[in-house]
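Student: only the shape, not the letters, is given here:
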Ligand SMILES: Nc1ncnc2c1ncn2[C@@H]1O[C@H](COP(=O)(O)OP(=O)(O)OP(=O)(O)O)[C@@H](O)[C@H]1O
Ligand SMILES: Nc1ncnc2c1ncn2[C@@H]1O[C@H](COP(=O)(O)OP(=O)(O)OP(=O)(O)O)[C@@H](O)[C@H]1O
Ligand SMILES: [Mg+2]
Ligand SMILES: [Mg+2]
């Protein structure tokens, strides 16, 4: 006997309409914006511009995917900006002062990202500090550490060191290829961005590890009782986040071509926004990779399109906020059901 | 028929020790730091310096108290930085361009703060957009709006306007008194800070309205069934937060003495940190006014002390992070029970 | 201590226990809630674990299932002592558990099918790639063991949408997957109706006959009489009693509560109400249901009985201002009554004990006193300022009148056992002397003496004169015990409305199942053992 | 050409050009991408306004991107600008290593490039313009030495990692060494709210060293914070503050009663922005003689402002016409217009 209550009912017209709006509203806003810019701005519709936008947003999107991982296990990571900045300085330090090739720098940076993720995981999982607080504190520590390492200076080739000599190394071509290279017409950052999105989508949606991550985020106690190694999955998620943030940093570093101390500073808010928007896009109601990518693309479209239209940066902020709000209205206000993902809490666990 | 076995037993030594650490650990860290600076830095212990520190941290603390209000009803507000900045520009605009006296400017600013809080409340309570997202979007909109109003410029007296005339007004003395005035030896911002803290403490701890706010944050559904007007309380909390952010902005504006466009930008992270730290301080495990104030004071002590010791700003970030971590370790890691406060979610409600 | 491990038949004497506990103790902080428990669980036997609220049943189960590794003493599986440090480990040794809190078993956001096969996510031997077709098949197979045939379109829905009873069925189905050797069920029927419970029993008996050892916790003695081979009684964390069939219920009750209690109370005091306190006129309860008319009178306890989905909660919520009638009207004390929200209802003296205490009533992390005072903040304050003494006094009164087992008004609500939390919730709502008290499944997880205490309070309330009380339940025995007047609700329609002494169990059950006569297996078990 | 460019600064009148526009300005608007890296603050705002105004007067369609302290974004912006094939590109501030490869790429694509305040390692084919940080810093520092003498106790408030500040720091270190200045504290930061965030730092430093004689804060946003901190400690009469850059808001602070800010070194940012655009225009018209243009800075003292009752940038320009750059990089068809 099925409890009659749960027999699926045929949805009313209004209900289906609402579901449609929830599912496609955000996409519709994005498409409408794109259409507008395509019509008004001839330069917008060039292939170059499309790849340019995707390339520009790749680091934000990748860091956003990291935040998404943390949200998946019911947490959040406010240290992605700091981690990306750290990656930039460390890559520069390794190549310019350590005089190593790009491959070594990449290895060091990725290792650093894993370590930062591990530190976050330790603080959250073992020391039971709530994610918001732990990652906030880590981000202060990492930024401070980075600046201590480089004495607050941007590292560039030919810089004079404190012992009076000139830095021996430089950003090597293999490293810079991360930004400047391309496969056919497709720039490397775009390939990395799409590949990571697809990979994460596959893992989250199509493997049991992905499901387990979701389960940990949605009900950690149920997951624990079902035998899922909750602590392990949370650790993996934060380390994954650290890794992705450092990849974002690698791309930023290759683009900037020097160990800019301010790199990564502006990444955090956008990365978090993108991951949160990802939750609401497509009516899925839980963190997901393509949603996050779409959120990033919307930002890129707005920044580029608004610039072409000639809006000053502050009008862009305004426009960004308004478009974000409209998209959110579509996703939430017309949604019949509640989404159930919690991102970030002061709950120690 | 209460079974005798459940009569409260004397807690074990270890248990009492842990409870003690949780309750006083954070305070101990603060006191230890203060003691260190008092001993090493003669100038640290002057009355002037004490008031100087409190005065400097007052805007951050007040914005933090606003965030605390949002956390109390189970949400968060990421727009406090933007609101404070908005307040600075609007106050300047009213006095310098609108040629009004400070009293009018204060009124306009407070009204603006309430409106922003009302907008947040509308988006969260009525349009059901999750708090993190809604307030993020609002903050983009407000920053953009502010810059549009002032054309991206800082407003100062005697500035030339676009019609070729010179701005008629200036920051009036009554407004500047907000920063420069004092009652006896106590600067006005310190009085406002302490008064607001005490008021919020009293409301939250000792009135039924405060209890209801906490209930909304602890279990909104249960609160609603207990006859609490959940929507109303959430609205009030966000409006209160907007009001406090605008008060923080008033103080910032009076301190700078101009409509500095960049004011408020760096307030957000500190305000959020302070409010979150407030949850953990004193082992209370829920947002509270004195805890928030204490968190703010710890930041002030660190910034001032570290500067006196001669640390460059980047080493200060590092120190800030480390001290924060230590304090958090004391509050959470040794705590027997979970704190249950949720700050911000992607859950629409 | 009573020797507890003598198997009944000779053939079983040679069997060795699947799991044996010796000297197991558990303490929360310095509060020892389980003392030196020694027990054996034999294959092919159903052990009923009884005990008053807070006796330590769930605590024992948490230790047995690996959910709480902080126990002392030895737990041996097949004679080998091991430390059950995690649920995975327990499961690997064939210990499968359904915990008391259903919410701890459901992952919202995953589909119902995925929730049924949740354990597979942790199963390293499974292929890492998801196979949703296989999951669906597995889920269907698992649900089929309970006779549930939920359509695929339902299985694809978000599990968050399941009602508490469906969710309970889901976790049961999950626990029965694979081949457990010890199956532990902590109050599995408290959210089920009799029909579903009976189907569960059929399954359990079949499983027992295959040699499975089962531990069963319940506050319903009828079920235990129908099911158990052995009864173990815990009191204050100590094993007080262990006996085989036939059960000496007087002794069991005595050992459970520490005093003599009658199992069955004969109703001699069925009251007749006088004035109509609330009236429902022409209100459809469910979308397709006809309009309903109904009166609640002062001076009598009205029991509304119905299966899951009958519209009980809808009715309670209408009266409490949580929902608004689609058509028709309500009146209270002769005046029109159209509450917009719970606060309106509360102001008019209408209170609701909701069906899901965790989600709808409790404020986690708060003290007992603060949990109790929350609807009455105005009464606990002067000029808006809270008076702690008033709150404590009210809480103490609730604790005393319902016998809540707790360290005191300042104890955290989280530290109370499930039944005691329920008592706090009921006590909260009755403490203000309501005009109309609505209690939706108020006896969920409540032990027999607490049930009597709550029932007694309800009778006191109506005896005082001008208050009306409505109890909503899907359990015939609960209703028979507490209600003066009984209404049977089926799919939003009143099938029977009679005073308790003018009808009998058989006609109630008949009306109860009126709409489902084809479902013969759904006859609830006899209420009380003889 | 000094026919009142200052007075029409505030009107929207078209360029008072006395000659017809030469090619390529005589047809469709010339498309120019302005790729900026500006921090928050009035300097950048005024610079941009000046550039926009001059561009309009010269029939230039200016597309502006602003990376706002995000160097990676500036790289993207420049990349996208090159991809959009404009008639010319102006790059305003930025990091050498970041932009050099992209600028070379633009040059290779035959897009004329003008850079402002950006040091290039390979400036072939690029017009470089700058307001000389060295001359700005040494201007105020000369004043500082005049006022307090060698060996005085001084404080330094600045940050590292920002190109212009690093260049000013080089000059500062030289003066410290040459004049045996006693640097008793050295603090400061650049943040999203630079002015506000420096107040507590300087406040603490002053509590520690109330006997300091002068403070050098080579960035006006920082200088404002320093002034507040000095006032807050009632040291206005004892400590002198030296800054760099000027804006309406700065003038208000400098001329306030008892202000410790005694000297600043400045160009008029809007005049500079306009002059950079003019450099580009002349280059495109083939009339630019020199590929390295420097805009001189003036040291402005508090007493100069007070004596002349100057209370905003407009009146400053009237009193100090050289700030207008009215005779720099101009032509008959291209008068200064900021
Ligand atoms: N959120 C919901 N979504 C879909 N159906 C719902 C929802 N809430 C209630 N229902 C359905 O509405 C009908 C009436 O439910 P109601 O809770 O009133 O029944 P009930 O008799 O109280 O049953 P129960 O014993 O489960 O409390 C049921 O079929 C129920 O499943
Ligand atoms: N996390 C905890 N911290 C402190 N005390 C606890 C905790 N959990 C349970 N207790 C206490 O342990 C005792 C036993 O609780 P338990 O949940 O085992 O009771 P139970 O027999 O299952 O009762 P019920 O029939 O009400 O479910 C109770 O007194 C309860 O207050
Ligand atoms: Mg229990
Ligand atoms: Mg119900």
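Tutor: That came through fine. What you see is a predicted model, and the numbers here were worked out from it, not measured in a lab. Ligands and ions are numbered 1, 2, ... in the order given.

Student: all contacts plus neighbour counts: C-alpha atoms, from now on.
Tutor: Fine.

Student: identify the bridge partners of residue C:498.
Tutor: Beta-bridge pairing for residue C:498 (DSSP bridges): residue C:486.

Student: residue C:483 is in contact with that one, correct?
Tutor: No. Applying C-alpha atoms under 8 Å, one finds residue C:498 not in contact with residue C:483, separated by 10.5 Å.

Student: neighbour-wise, which of those two wins?
Tutor: Comparing residue C:498 with residue C:483 by neighbour count (other C-alpha atoms under 10 Å in any protein chain shown), the higher total belongs to residue C:483, at 27 against 15.

Student: give me phi/psi at that one?
Tutor: Phi and psi for residue C:483, reported as degrees, to the nearest 10, are phi -90, psi 140.

Student: so who does it touch?
Tutor: Contacts for residue C:483 were tallied using C-alpha atoms under 8 Å, 6 or more residues apart in numbering or on different chains; they are C:300-303, C:471, C:500.

Student: gap between the closest residue to residue C:354 other than its chain neighbours and chain A?
Tutor: Spatial nearest neighbour of residue C:354, excluding adjacent residues (C-alpha to C-alpha, 6 or more residues apart in numbering or on different chains): residue C:440 at 5.3 Å. According to C-alpha to the nearest C-alpha, to the nearest Å, residue C:440 stands 18 Å off from chain A.

Student: what's the answer for residue C:251, then?
Tutor: Separation of residue C:251 from chain A (C-alpha to the nearest C-alpha): 36 Å.

Student: average pLDDT across stretch A:101-120?
Tutor: Per-residue pLDDT values across stretch A:101-120 average out to 96.

Student: wait, I meant stretch A:89-97
Tutor: 93.

Student: for residue C:210, which residues are in contact?
Tutor: Per C-alpha under 8 Å, 6+ apart, neighbours of residue C:210: residue C:44.

Student: ah, wrong one, I meant residue A:109
Tutor: A:87, A:90-91, A:246-247, A:250.

Student: can you mark which positions in the strand or helix carrying it are buried?
Tutor: Taking DSSP states H and E as the definition, one finds residue A:109 inside helix A:102-121. Neighbour-count burial for helix A:102-121 flags A:102, A:105-106, A:108-114, A:116-121 (criterion: 16 or more other C-alpha atoms under 10 Å in any protein chain shown).

Student: widest-spaced pair of those residues?
Tutor: When C-alpha to C-alpha is used, the two most widely separated members of these are A:102 and A:121, lying 28.3 Å apart.

Student: how close does residue C:432 get to residue C:347?
Tutor: Applying C-alpha to C-alpha, to the nearest Å, the value for residue C:432 to residue C:347 is 11 Å.

Student: neighbour count: those two, which is higher?
Tutor: A direct count of neighbours by other C-alpha under 10 Å for residue C:432 and residue C:347 places residue C:432 higher, at 15 against 12.

Student: hang on, that one in a helix?
Tutor: No. Using DSSP: H, G, I helix; E, B strand; the rest coil, the assignment for residue C:432 is coil, not a helix.

Student: quick one: residue D:74 and residue D:66 touch, right?
Tutor: Yes. Residue D:74 is within contact range of residue D:66, at 7.2 Å (criterion: C-alpha under 8 Å).

Student: quick one: common contacting residues for these two?
Tutor: Taking C-alpha under 8 Å, 6+ apart as the criterion, residue D:74 and residue D:66 both touch D:35-37.

Student: in helices, which of the contacts of residue A:109 appear?
Tutor: Using DSSP state H, the members of these that fall within helices are A:87, A:90-91, A:246-247, A:250.

Student: distance of the residue nearest the centre of chain A relative to ligand 1?
Tutor: Geometric centre of chain A, nearest residue: residue A:64, 1.3 Å, by C-alpha atoms, centre = their mean. From residue A:64 across to ligand 1, the span is 33 Å (C-alpha to the nearest ligand atom, to the nearest Å).

Student: quick check: the residue of chain C nearest chain B.
Tutor: Nearest residue of chain C to chain B, counting by C-alpha to the nearest C-alpha: residue C:343, 3.7 Å away.

Student: from ligand 1, how far out is whatever residue of the stretch 201-338 of chain D ends up closest to chain A?
Tutor: Residue of the stretch 201-338 of chain D nearest chain A, by C-alpha to the nearest C-alpha: residue D:273 (16.0 Å). Counting by C-alpha to the nearest ligand atom, the separation of residue D:273 from ligand 1 is 63 Å.

Student: which element is that residue on?
Tutor: helix D:269-284.

Student: off-centre distance for that helix?
Tutor: Distance of helix D:269-284 from the chain centroid (C-alpha atoms, centre = their mean, to the nearest Å) equals 14 Å.

Student: what is the neighbour count of residue C:234?
Tutor: Residue C:234, neighbours per other C-alpha under 10 Å, totals 26.

Student: what do you get for residue D:295?
Tutor: Neighbour count of residue D:295, defined by other C-alpha under 10 Å: 19.

Student: any idea how far residue D:267 is from the nearest residue to it once chain neighbours are set aside?
Tutor: Of all residues not flanking residue D:295 in the chain, residue D:131 sits nearest, at 4.8 Å (C-alpha to C-alpha, 6+ apart). Between residue D:131 and residue D:267 the computed distance is 7 Å (C-alpha to C-alpha).

Student: which of the two has more neighbours?
Tutor: Shown here are residue D:131 and residue D:267; by other C-alpha under 10 Å, residue D:267 has more neighbours (26 against 18).

Student: mean confidence score for stretch C:379-394?
Tutor: Across stretch C:379-394, pLDDT averages out at 89.

Student: ditto for stretch D:272-283
Tutor: Mean per-residue pLDDT for stretch D:272-283: 93.

Student: got the contact list for the most centrally placed residue in chain D?
Tutor: Ranked by distance to the mean C-alpha position of chain D (C-alpha atoms, centre = their mean), the top residue is residue D:269 at 5.4 Å. Residue D:269 makes contact with D:43-44, D:46-47, D:50, D:246, according to C-alpha under 8 Å, 6+ apart.

Student: and it, how far from residue C:319?
Tutor: In this view, residue D:269 and residue C:319 are 71 Å apart by C-alpha to C-alpha.

Student: show me what residue C:98 is bridged to.
Tutor: Beta-bridge partners for residue C:98, by DSSP bridges, are residue C:185.

Student: which strand or helix spans the closest residue to residue D:293 other than its chain neighbours?
Tutor: Once flanking residues are discounted, residue D:293 sits nearest to residue D:129: 4.5 Å by C-alpha to C-alpha, 6+ apart. Using DSSP H and E, residue D:129 falls within strand D:126-131.

Student: tell me which strands and helices that strand is in contact with?
Tutor: Applying 3 or more C-alpha pairs under 8 Å, 6 or more residues apart in numbering or on different chains; DSSP states H and E, we find strand D:126-131 packed against strand D:113-116, helix D:269-284, strand D:292-295.

Student: the first one: partners in the sheet, and parallel or antiparallel?
Tutor: Paired neighbours of strand D:113-116 in the sheet (DSSP bridges): strand D:88-92 (parallel), strand D:126-131 (parallel).

Student: if you average pLDDT over it, what comes out?
Tutor: 94.

Student: per-residue pLDDT of the residue nearest to the centre of chain D, please?
Tutor: pLDDT at residue D:269 comes out at 87.

Student: residue C:527 now?
Tutor: Confidence score, pLDDT, at residue C:527: 41.

Student: cool, the one 3 residues further on as well?
Tutor: The pLDDT attached to residue C:530 in the predicted structure is 35.

Student: what are the buried residues along stretch A:122-135?
Tutor: Within stretch A:122-135, the residues scored as buried using 16+ other C-alpha under 10 Å are A:122-125, A:127-135.

Student: how about the helix or strand hosting residue A:35: buried residues?
Tutor: Using DSSP H and E, residue A:35 falls within helix A:13-40. For helix A:13-40, the neighbour count (16+ other C-alpha under 10 Å) marks A:18-27, A:29-30, A:33-34, A:37 as buried.

Student: now do it: which elements does it pack against?
Tutor: Partner elements for helix A:13-40 (3+ C-alpha pairs under 8 Å, 6+ apart): helix A:289-309, helix A:313-328.
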